[in-house]
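Asker: structure here, sequence nowhere to be found:
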Ligand SMILES: CC(C)NC(=O)[C@H](Cc1c[nH]c2ccccc12)NC(=O)[C@H](CCCC/N=C(/NCCC(=O)O)S[C@H]1O[C@H](COP(=O)(O)OP(=O)(O)OC[C@H]2O[C@@H](n3cnc4c(N)ncnc43)[C@H](O)[C@@H]2O)[C@@H](O)[C@H]1O)NC(=O)OCc1ccccc1
């Protein structure tokens, strides 16, 4: 029985030095998402997309979990299966903070995916167009991330947890990308209480039962402990 669902976004990892998307100077300000985060962009220019995710992978490797990741890992150990830790983030900072299980609904930059046979494996440090799949040999290797227009991962499991949880907590997300941005309303529709922990009010902030504003590395441990 899932009692609590936590959904996190780029704001959770901001204090670990990983850029957010929409903030000034954020990723989407520097890279047009149509070019680097869509299947069409990958088909058009795979070298550009690999460069983008190779840089994100280097940033991820160089980063360290912050106090918010550590607090969520502690909570996961205390609550076990009563907590579902869902993230839109493709970094592995929650796992490196000790979280036993993280549901990456938008994939993982440290993993590779074969576009031909769907084989998955730990990503090499850098990927290049034409890298062969270790299972089928096809030159269809891509980062194991969900691009715009693609179906997010684990939606059935997430929907089941949203239907039974008593508390939904949104951390460090602007609430601008769907279907993730609709999860709070789905949980509320099933009677859950909703709490937002964010630096600034998100797009749906006023529709949460409670919103606490501040940097994640401070307000998440305050909430957990
Ligand atoms: C742009 C948007 C309008 N477009 C979409 O939502 C699209 C289309 C769409 C679908 N339904 C819709 C309905 C309406 C409108 C549009 C749509 N969605 C899709 O294409 C999705 C797939 C989307 C996934 C794309 N891949 C990502 N990531 C992986 C790759 C990569 O990372 O490169 S999305 C990517 O961007 C999003 C960024 O959002 P945030 O994480 O919230 O980051 P942001 O910078 O925006 O905000 C940061 C927040 O943190 C706060 N903050 C900053 N610092 C701190 C701090 N220190 N502490 C605390 N908080 C902090 C800030 O205040 C701010 O609020 C994340 O989801 C992230 O994963 N697929 C899909 O819909 O499939 C079919 C379907 C339909 C129905 C049901 C099922 C399936």
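Answerer: Structure's in. What do you need? Note that the structure is predicted; figures quoted are calculated from it, not measured.

Asker: what ranges does the protein have for its helices?
Answerer: Assigned by DSSP state H, the helices in the chain fall at 27-30, 33-36, 39-44, 46-62, 67-79, 93-96, 155-164, 183-189, 216-224.

Asker: turn those into JSON lines, columns for mean pLDDT and distance to residue 124.
Answerer: Yep, even glycine has a C-beta here, placed from its N, CA and C like the rest. Compiled in JSON lines, those are given as follows (pLDDT from 0 to 100; distance: least, C-beta to C-beta, whole Å):
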{"stretch": "helix 27-30", "mean pLDDT": "76", "distance to residue 124": "22"}
{"stretch": "helix 33-36", "mean pLDDT": "94", "distance to residue 124": "19"}
{"stretch": "helix 39-44", "mean pLDDT": "97", "distance to residue 124": "17"}
{"stretch": "helix 46-62", "mean pLDDT": "96", "distance to residue 124": "9"}
{"stretch": "helix 67-79", "mean pLDDT": "98", "distance to residue 124": "25"}
{"stretch": "helix 93-96", "mean pLDDT": "98", "distance to residue 124": "19"}
{"stretch": "helix 155-164", "mean pLDDT": "98", "distance to residue 124": "29"}
{"stretch": "helix 183-189", "mean pLDDT": "98", "distance to residue 124": "33"}
{"stretch": "helix 216-224", "mean pLDDT": "98", "distance to residue 124": "31"}
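
Asker: the ligand: which of the ones you listed is closest?
Answerer: The closest of those to the ligand is helix 216-224. By C-beta to the nearest ligand atom, the value is 3.5 Å.

Asker: so which elements touch that closest one?
Answerer: With contacts taken as 3 or more C-beta pairs under 8 Å, 6 or more residues apart in numbering; DSSP states H and E, helix 216-224 sits against helix 67-79, strand 167-171, strand 193-198, strand 210-213.
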